[in-house]
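Q: the following comprises the amino acid sequence and a computationally predicted model.
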Amino acid sequence: MRAVVKFIKWLLGLVILAVVALFAWFYFAPPELIRVGSGYSAKIVCSNVFIAGRDANQVLAVDVQAPGHPLLRLMKVSVDKERGLVSAGLLWVLGKSVAVERDGVGCASVPDGDTGKARQTSLRGAASTPAQADALWPDGERVDASQNPEVAKIVDDAAMAGTGMRAIVVVKNGRVVAERYGDGFSAKTPLLGWSMTKTVNAAIVGTLVKDGKIAIDNKGLFKAWKADGRAAISLADMMAMSSGLAFNEDYGDVADVTRMLYLEPDMAGFAAAQSLTGEVGKVFSYSSGTAVMLSRLWQDAIGDKAKALAWPRTALFEPLGMHSAVLETDEQGTFVGSSYLYATAHDWARFGQFLVQGGVWNGNQILPTGFVDWMREPAPASKVYGRGQLWIEGPGDEEKPGAGAAAGLPKDTVWMEGHDGQTVAIIPSEQLVVVRLGLTPAKLGYRPQAMVGALVKELH
């Protein structure tokens, strides 16, 4: 019996030692997957608390933990509102990451922990002009909704709206004719567009093309590229997602995209260091790294850092009345033009209407004449993606060119698309814009085409 007790004590000690060793390993050298998870948790909570004004615990439970990787369910966060700081870690302490809030440019992940450097990027005193609440949209926020019962029936249909819907806004002939919001959300809630940000970033490039600060046919874009085959990559190749550069866009694990967003303080530098794996201009490869590099290029083209940080607001958001829009930067001050634009559904609709109008707003030609038409043209290396970071095919139809017609969508329909069910359908021939925002993971199989097709038919 004594030997058995001794063995049990020995075994218990071994287990305790193993647990302590495992904890020490996770604490001092956490696996990258844990760091990605904590970085994602800190960043999403930070942005939703400080930009959208949402409750941190709700964001953690609903936005981070519920739809994501099982590892995220073990993430815990701490919010310091006075310091504008959010920290997250596995069980609070393992693989700890931080995100910081800065004036005017939202939150940034701080993978190297240098919060002081991250705070050097800000737009102090650059508050947006408030929208005119009593003016009719798009000049203000007042909406005279359609009295058409069939339109109401479409946007009230749970299957058409999709699980996790947070906002729907329908614009016909330049006026909001219908809108709906999920529980806890309203017309005043800024919502993350994820990859819809890429299209907005492409439009920002267009504002610089108009001002003669950058050219679509520019090559030799980064200094390090001039010494090898990357020198042949043009700005147009990057806009069309056909640079030939390596970039893994798989969100399921530690891939290039998650490493860039949550482990790299200099996102553009990380993306620009990738090697060529395909022929320049000939191979389509969707890449968030490409969009962040575009941000770096247009910021460098402006030159002055403060002016570049203010540019999205002064050149695009304020002229369009997108007063809620916040485009976030990384730790180094590069706008995350791939992913991180927060705006209300009304403001996402304003941008969609801006594209319907060919880059003109209130009579002002904000983008070069013909630039939006160029954005909508099929990319040379793709039948489903446009030259200017727009989708020609809707969600789920990327492998079936022309599939949108089956849902009754006109041939000139194009889409802005983002992670977890963010879409803006843009149909110039119908003078129609349909915004749909939410938290709807791709595994649920939701497609907005049925709703948009029904609206086209009813509003034609």
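A: Here it is on my side, so go on. Numbers count the residues shown, from 1 in each chain.
Q: could you use CA atoms for every contact and neighbour count after this?
A: Noted.
Q: distance of residue 63 from residue 191?
A: According to CA to CA, to the nearest Å, residue 63 and residue 191 sit 12 Å apart.
Q: tell me which of those two has more neighbours.
A: residue 191 (28 against 16; other CA atoms under 10 Å).
Q: the residue nearest to residue 188 when sequence neighbours are not counted: neighbouring residues, count only.
A: Counting by CA to CA, 6 or more residues apart in numbering, residue 344 is the residue found nearest to residue 188 once chain neighbours are left out, at 6.0 Å. A count of nearby residues for residue 344, using other CA under 10 Å, gives 25.
Q: contact partners for residue 344?
A: 187, 188, 189, 190, 191, 324, 325 (CA atoms under 8 Å, 6 or more residues apart in numbering).
Q: any low-confidence regions in the stretch 201-350 of the chain?
A: With pLDDT under 70 as the threshold, the stretch 201-350 of the chain has low-confidence stretches at 252.
Q: what about residue 374, neighbour count?
A: Residue 374: 13 surrounding residues under other CA under 10 Å.
Q: from residue 359, how far off is it?
A: 11 Å.
Q: check residue 436 too.
A: 21 Å.
Q: looking at the two, which has the bigger crowd around it?
A: More crowded of residue 436 and residue 359, by other CA under 10 Å: residue 436, with 28 against 24.
Q: report pLDDT for the more buried one.
A: pLDDT recorded at residue 436 is 98.
Q: thought it was touching residue 167?
A: Yes. Shown here, residue 436 and residue 167 form a contact pair, counting by CA atoms under 8 Å, at 5.8 Å.
Q: show me where the stretch 351-460 of the chain has helices.
A: With DSSP state H, counting those that start in this stretch, the ranges of helices along the stretch 351-460 of the chain come out as 371-376, 449-459.
Q: re earlier: of the contacts of residue 344, buried ones?
A: Using 16 or more other CA atoms under 10 Å as the burial test, the contacts of residue 344 include 187, 189, 190, 191, 324, 325 as buried.
Q: which ones are touching the fifth one?
A: Which is residue 324. In this structure, residue 324 makes contact with 128, 190, 342, 343, 344, 347, judged by CA under 8 Å, 6+ apart.
Q: got it, and residue 300?
A: So residue 300 contacts residue 308 (CA under 8 Å, 6+ apart).
Q: what's the helix or strand for it?
A: Using DSSP states H and E, residue 300 falls within helix 288-302.
Q: now that helix, how far from the centre of its chain.
A: When distances are taken as CA atoms, centre = their mean, to the nearest Å, helix 288-302 is centred 15 Å away from the chain's centroid.
Q: just checking, next helix/strand downstream of it?
A: Going down the chain from helix 288-302, the next helix or strand is helix 305-311, by DSSP H and E.
Q: which other residues reach that following helix?
A: Identification of contacts with helix 305-311 by CA under 8 Å, 6+ apart yields 122, 123, 299, 300, 302.
Q: which phi and psi does the spatially most central residue of the chain have?
A: For the chain, the residue nearest the mean C-alpha position is residue 194 (2.0 Å; CA atoms, centre = their mean). When quoted as degrees, to the nearest 10, the phi and psi of residue 194 stand at phi 50, psi -130.
Q: quick check: nearest residue in space to it, chain neighbours excluded?
A: Once flanking residues are discounted, residue 194 sits nearest to residue 339: 4.2 Å by CA to CA, 6+ apart.
Q: check the burial of the one you found by counting its neighbours.
A: There are 23 residues near residue 339, going by other CA under 10 Å.
Q: is it true that it touches residue 199?
A: No. With contact defined as CA under 8 Å, residue 339 does not count as touching residue 199 (10.1 Å).
Q: which ones are touching residue 241?
A: Taking CA under 8 Å, 6+ apart, we find residue 241 in contact with 284, 285, 286, 287, 290, 389.
Q: try residue 329
A: Applying CA under 8 Å, 6+ apart, the residues near residue 329 are 105, 106, 107, 108, 335, 336, 340.
Q: checking the fourth one next. Helix, strand or coil?
A: Classification of residue 108 using DSSP: H, G, I helix; E, B strand; the rest coil returns strand.
Q: roughly how far apart are it and residue 340?
A: The gap separating residue 108 from residue 340 is 10 Å, by CA to CA.
Q: and these two? which has more neighbours close in?
A: Taking other CA under 10 Å, residue 108 and residue 340 do not tie; residue 108 has more neighbours (34 against 26).
Q: bridging across strands, which residues link to that one?
A: Taking DSSP bridges as the rule, residue 108 bridges to residue 100.
Q: quick one: pLDDT of it?
A: Looking at residue 108, its pLDDT is 98.
Q: does it touch residue 101 like I think?
A: Yes. Contact criterion CA under 8 Å: residue 108 and residue 101 qualify, at 6.6 Å.
Q: of the contacts of residue 324, which belong to strands?
A: Among the contacts of residue 324, the residues falling in strands (DSSP state E) are 342, 343.
Q: ok, of the contacts of residue 324, which one's closest to residue 139?
A: residue 347 (10.9 Å; CA to CA).
Q: excluding covalently adjacent residues, which one is nearest to that closest one?
A: Leaving aside its sequence neighbours, residue 347 sits nearest to residue 322 (CA to CA, 6+ apart; 5.0 Å).
Q: got the domain boundaries for this protein?
A: Per the record, the chain has its domains at 32-114, 191-218+304-459, by automatic domain parsing.
Q: want to throw those into CSV with distance to residue 178?
A: Listed next are the domains of the chain as CSV, based on distance: least, CA to CA, whole Å:
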stretch, distance to residue 178
domain 32-114, 22
domain 191-218+304-459, 10
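Q: those domains: which one's closest to residue 256?
A: Across those, residue 256 has its closest neighbour in domain 32-114 (11.3 Å, CA to CA).
Q: which residues of the stretch 151-300 of the chain fall in helices?
A: Under DSSP H, counting those that start in this stretch, the stretch 151-300 of the chain gives helices at 158-161, 197-210, 235-239, 256-263, 267-272, 288-302.
Q: ok, which of these comes nearest residue 442?
A: Counting by CA to CA, residue 442 lies closest to helix 158-161 out of the helices of the stretch 151-300 of the chain; the figure is 14.4 Å.
Q: chain center to the closest one, what's the gap?
A: Mean-position distance between helix 158-161 and its chain equals 23 Å (CA atoms, centre = their mean).
Q: now residue 201, nearest residue through space, not along the chain?
A: Excluding its sequence neighbours, the residue lying closest to residue 201 (CA to CA, 6+ apart) is residue 337, at 5.4 Å.
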